[in-house]
Each structure stands twice: as structure tokens, then as C-alpha cells.
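In: I would like the atomic coordinates for the input below:
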Amino acid sequence: MLRPGQMVMVCAIALLTIGVVMVSSAKMGVQPLEPGADPVAASQASGVTPKSIILSRSTAYMCVAVLAMFGASWMPVRRLAGRASASMADPKRRTIALLAGTAALVVVLSSVYWPVIGREVNGSARWVNLRMPGLESFQPSELAKWGLIPLVAWYAGVCALDADNRLRKFFFGLVPALVAIGAVAGFVVLEDLGTGFLMGVVACLVLLAAGARLWHFLMFVPVAGAGLVFAIIESPYRLRRITSFLDPFADPQGDGYHMIQSMTTVSGAGPFGRGLGHGLQKFGYLPEDTTDFLFAIICEELGLAGATLVIMLYAVLLWTMIGIVRRTESPVLKLVALGVTATVGLQACINLVVVTGLGPTKGIALPMISSGGTGWILTAMMLGVVVAIDRPAAHAEEHADDADATKADDLDDPDLADGEIGETYEPAEIVVPRRVKPRVRITPIPAAYE
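Out: Alright, predicted model coming up:
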């Protein structure tokens, strides 16, 4: 029987494997045949083979992601959480550390605007080129997304350990956390509305789980709603995405093209699809077929069976992680595990809603499946942290099971049942010594001293 942490690893490796295979299939292209060339040899050179999959960059990213997950699973998370909580018992130091971590994340996010390393793709500045092999397209928003979770979880968990749960106080508990969330998520919204929205929702969920008052959050709903509306209106392409979602066929060759092609790809699958590598929409029809809309290719080539397999893997992964969250006793670690679970689950749901045409087009990748080295590695590493959180609990359960098994073996022992050794288990008679009355001579006080 697999432990919860082991089940998390199995599901993660299965999703990464599907991602490697499907990304390789979606990258297939049609190239013109040169005069005099052998058609069979040309098809083998441009097609997908086991060798091409093994030697692909996606496989290298998968290997690094798996290594990161295994490495993170052995982190001494309880020791780190204990030291962090003990060193930040003072509320002032705690707030200063929170703001310092927020400033560090904002600096990382601002690197997309730095000269030389900043990289703009499709009119959006979301990537940096670190001029190193494998790091030509690094996404700082992914680092900020996964860095904000432990930062907010640590602050909320330490506040929850206070006698009066300082997080329930508005100005001296909740406001610093909201400032940190607003600064990081707001900076991300400048270039990526979907990721910024995801980060804000998950971070607020962590604060609510730590004991923050709901009516405090309701006070900020109008402000958040106004900011969301402003972010949509300020960028015309975001507004066009909403109008194309309401009626994609109003402009089928323009704004509605992407959604129409995605729905066509998903609907043309059948029970078992066209077969791995035999999809048609990836040949120049469906945009972003290897990244945000890879699930549509899975539906087309693997059919309803492949789509169900992917959804079931996510369901098992999330259910297992929810169980880990419920068993964890440390407030900080519980909130970290909750944040990772909510991020993976909400991100997967948003991607599936967009790809199937149930929501406006957004650049949200499917976790551990859509092509992206930064996303794969950081997501797998955070899943490894959840495994590390579960590891002490799993050892405690094993010791409890061993103790129960030993006790059951003793009860089933025939020697004990026949009474040959049973006398050794009889409690010895306890003799309580009787109290000795103290002998004290009382001398009367002479009248002269009275």
C-alpha cells in the first residue's frame, strides 16, 4: 500500500510522462519534401520516435523536475518551520521579514524589464534570458507564484500561534499580509492577469484558513473588483477576449479563432481519439498547441479515454494532498501544503475551463503537462515539499501500526492463551507503608514569657 507521499510522487511522474509524450507529438510539423529525397527516411527524421522523445529537451526538463521533487522530499521541513516560527515571535520582526520577502519577489518580477536579459514574446514581457543553457526562457512569475505561498503561509502560521491569533486583528495582523499579496500579485497582473489572479486567490485562501476574519476580506471586495475591471479595460486585448468568449463566431478569423479551433480540436476526438501522433489541428490550426492548449491535443489524439486519465490523475493527486493537509499538525506546514494543493487544483481547473470553451482565453498552463521547463521544475519541487511534510506523519503511522501488530501477536500467542506465561503479566501486589505518627513533645510556655 502506497503512502500518501508516495502516491503524490507517482501521480506527478505520470503527469510529467504524459506531458513529455504529448509535447513531442504536438511539436510535429509538415516539411516540404526535397527533390530526390526518400519519403520514408524524411518521415522518420521529422516524425516522433522513442529516440527523439528520449533526447528531447522536454525529457531533460522532466528529469530535472523529478530530481527536484526527490530532493525537496528530504528537506527537514519541520525543523525549518520550527526555527522560523521561534525566531519571528516578535510581531515587529515578523512584519519586517514579510515585507523584505515581498520586496525580494518584486525585484525578481521586475527582471523582465531589465535590459539584456528581458525577453518579450507576443507583445508580453514575461520571460528573461539568463544566457545559460536551458535558461534561455525563464519565467520569473512562476518563481514568484511558488515563493509567495511559503511566505504568506509562514506569516499566517506564526500569527496563528499567538495567544490572540494576531491575524484576526485588522491593521496589525491582516493588513501587512494583504499589502504583500497585493504588491506581488499586482505586479504580475501587469503582464499576466490569469497568474496574478491565481496567486491572489490562493494567498487569500491561506489567510482565511489561518483564522483571518471573513468580513475583513469582504471590505476589500469592491477594491479588488475595481482593480480587476481596470486591468481588463486598460488592455484592449483582454476586453476582446471576453467579447470573443461571449460570441466567438462574430469574428471567426480574428478574435474568436483561437476558441473556435480549441473547441473543434476537443470535439473531434471520439472515445479513443485519432491515435497518438495522428492529430490534425496541431499542423498550424490550433495556436499554443504545446503550451496552454495541449489538453486539446490530448483530447484529439487520445480521445475521451486520454482526457479521463489526465483528469483522474489530477483528482487522485489533489485528494491525496488534501489528506496530507488534514493530517499535518504544524500550522505553518499545514498552510504551505494547503497553498500548494490549491494552486495545482485551481490552475488545472482554469486551464480545463479555457480549453473546453467554458471561459475566456487565458494564458494558464496545465500543471506538469503543458510545455514549460520553469513550471515543471518548480511545481515538482513544491510537490516534493508536500511529500516532506507528510514523511514524519507516515513514519508515525508506521510505528503505530507496528505497535498494534505486536500487541495483536501477543494476544494471539498460544502460550499466553494457555496460561503458561500469563502469570508473569499479573500485576505485583503494591504495599503502601502505613503512616507513622510523629512523636513530638509539647512543652508549655512559662508564664513569665506570656
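In: surely Arg241 and Pro360 touch.
Out: Yes: Arg241 lies in contact with Pro360 (C-beta atoms under 8 Å); the separation is 4.6 Å. The C-beta positions use only the backbone N, C-alpha and C, and glycine is treated the same way.
In: helix/strand/coil for Leu276?
Out: coil (DSSP: H, G, I helix; E, B strand; the rest coil).
In: can you tell me the element Ala125 falls in?
Out: If you go by DSSP states H and E, Ala125 is part of strand 124-128.
In: any idea how far Ala226 is from Phe220?
Out: For Ala226, the distance to Phe220 (C-beta to C-beta, to the nearest Å) stands at 10 Å.
In: actually, Val77.
Out: 31 Å.
In: could you do Pro76 as well?
Out: In terms of C-beta to C-beta, Pro76 sits 37 Å off from Phe220.
In: now do Leu335
Out: 20 Å.
In: what about the two, which has more around it?
Out: Between Leu335 and Phe220, Leu335 has the larger neighbour count (other C-beta atoms under 10 Å), namely 26 against 14.
In: residues contacting that one?
Out: 152-153, 156-157, 206, 209-210 (C-beta atoms under 8 Å, 6 or more residues apart in numbering).
In: go again using 10 Å as the cut-off
Out: 149-150, 152-157, 160, 205-207, 209-210, 325, 328 (C-beta atoms under 10 Å, 6 or more residues apart in numbering).
In: check Leu99 too.
Out: Per C-beta under 10 Å, 6+ apart, neighbours of Leu99: 176, 179-180, 183.
In: repeat that for Leu214.
Out: Counting by C-beta under 10 Å, 6+ apart, Leu214 touches Leu208.
In: Ser58 touches Gly19, doesn't it?
Out: Yes: counting by C-beta atoms under 10 Å, Ser58 touches Gly19, with 7.1 Å between them.
In: mind listing the shared neighbours of those two?
Out: 290, 371-372, 376.
In: now the strand holding Ala125: mean pLDDT?
Out: Throughout strand 124-128, pLDDT has a mean value of 77.
In: quick check: buried residues in it?
Out: Within strand 124-128, the residues that count as buried by 16 or more other C-beta atoms under 10 Å are 126-128.
In: same question, stretch 277-292
Out: Neighbour-count burial for stretch 277-292, counted by 16+ other C-beta under 10 Å, picks out 279, 281-282, 286, 288-292.
In: save those as a markdown table, and put in secondary structure too.
Out: Listed next are those as a markdown table, based on three-state DSSP:
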| residue | secondary structure |
| --- | --- |
| Gly279 | coil |
| Gln281 | coil |
| Lys282 | coil |
| Leu286 | coil |
| Glu288 | coil |
| Asp289 | coil |
| Thr290 | coil |
| Thr291 | coil |
| Asp292 | coil |
